[in-house]
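**Student:** 3D, please:
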Amino acid sequence: QVRLLESGGGLVQAGGSLRLSCAASGRTLSFFDMGWFRQAPGKEREFVAAIDWTANRTMYTDSVKGRFTISRDNAKKTMYLQMDSLGPEDTAIYFCATDRRGPLKNPGGYASWGPGTQVTVSS
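**Tutor:** Residues are numbered from 1 along each chain as shown. Reported below is the predicted structural model:
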C-alpha cells in the first residue's frame with residue numbers, strides 16, 4: 001500500500017509561485033499514473049493535472065494551462081507541481097493521488113490520496 005504526503009503549500013501574493021511535492025512511501029510509484037486535485041472552500045474537489053507513469057503524457061485543466069507544470073521522478077518516488085502566475089482563484093487545498101482505476105480527471109477514479117496541503121494566494 002502506498003502512502004502519499006504533500007508539501008510546499010503556503011501563503012503567496014498574486015503573481016507569485018509555489019512548488020508542491022508529493023512524496024510516496026511504502027511502494028514504488030513506477031507504473032502508476034498520478035494526479036493533482038484541489039478543493040476550495042464550499043466547492044467540490046476538482047482535477048488540476050495528471051501525468052502518466054512514464055512522464056511522457058501530461059494533462060491539465062484549462063484554467064492552469066501555461067501556468068502550472070506537473071512532473072515526476074520515479075527514482076525519488078516524488079511528483080511535483082510547479083505553479084506560476086498564481087491568482088486568488090488558485091486558493092485551495094491541493095491533493096495528490098495515485099492508483100488510478102477510473103477516468104483520469106475524476107477524483108473518484110483514484111484509490112490513494114495524500115492529506116493535502118493548503119495554498120493561499122492573496123490579492
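**Student:** Once you drop chain neighbours, what's closest to the most centrally placed residue in the chain?
**Tutor:** Geometric centre of the chain, nearest residue: Trp36, 2.3 Å, by C-alpha atoms, centre = their mean. Spatially, and ignoring its direct neighbours in sequence, Trp36 is nearest to Val48 (4.3 Å; C-beta to C-beta, 6 or more residues apart in numbering). C-beta here means a position set from N, CA and C on the backbone, and glycine is covered the same way.
**Student:** what's the spacing between the nearest residue to Gln13 once chain neighbours are set aside and Gly10?
**Tutor:** Leaving aside its sequence neighbours, Gln13 sits nearest to Ser122 (C-beta to C-beta, 6+ apart; 5.5 Å). Remark: distance between Ser122 and Gly10 (C-beta to C-beta, to the nearest Å) = 11 Å.
**Student:** likewise Leu18?
**Tutor:** According to C-beta to C-beta, Leu18 and Gly10 sit 6 Å apart.
**Student:** next one: Leu81
**Tutor:** Leu81 sits 13 Å away from Gly10, going by C-beta to C-beta.
**Student:** More neighbours: those two, which one.
**Tutor:** Leu81 (26 against 13; other C-beta atoms under 10 Å).
**Student:** show me what contacts Leu29?
**Tutor:** 2, 53, 72, 74, 77-79, 98 (C-beta atoms under 8 Å, 6 or more residues apart in numbering).
**Student:** Can you point out the buried residues in stretch 18-36?
**Tutor:** Buried residues in stretch 18-36, defined by neighbour count with 16 or more other C-beta atoms under 10 Å: 18, 20-24, 29, 32-36.
**Student:** ok, these vs Asp62, which is closest?
**Tutor:** Trp36 (14.7 Å; C-beta to C-beta).
**Student:** Contacts only, for the closest one.
**Tutor:** 20, 22, 48-50, 70, 79, 81, 94-97.
**Student:** partner residues bridging it?
**Tutor:** Note on Trp36: beta-bridge partners by DSSP bridges are Ala49, Cys96.
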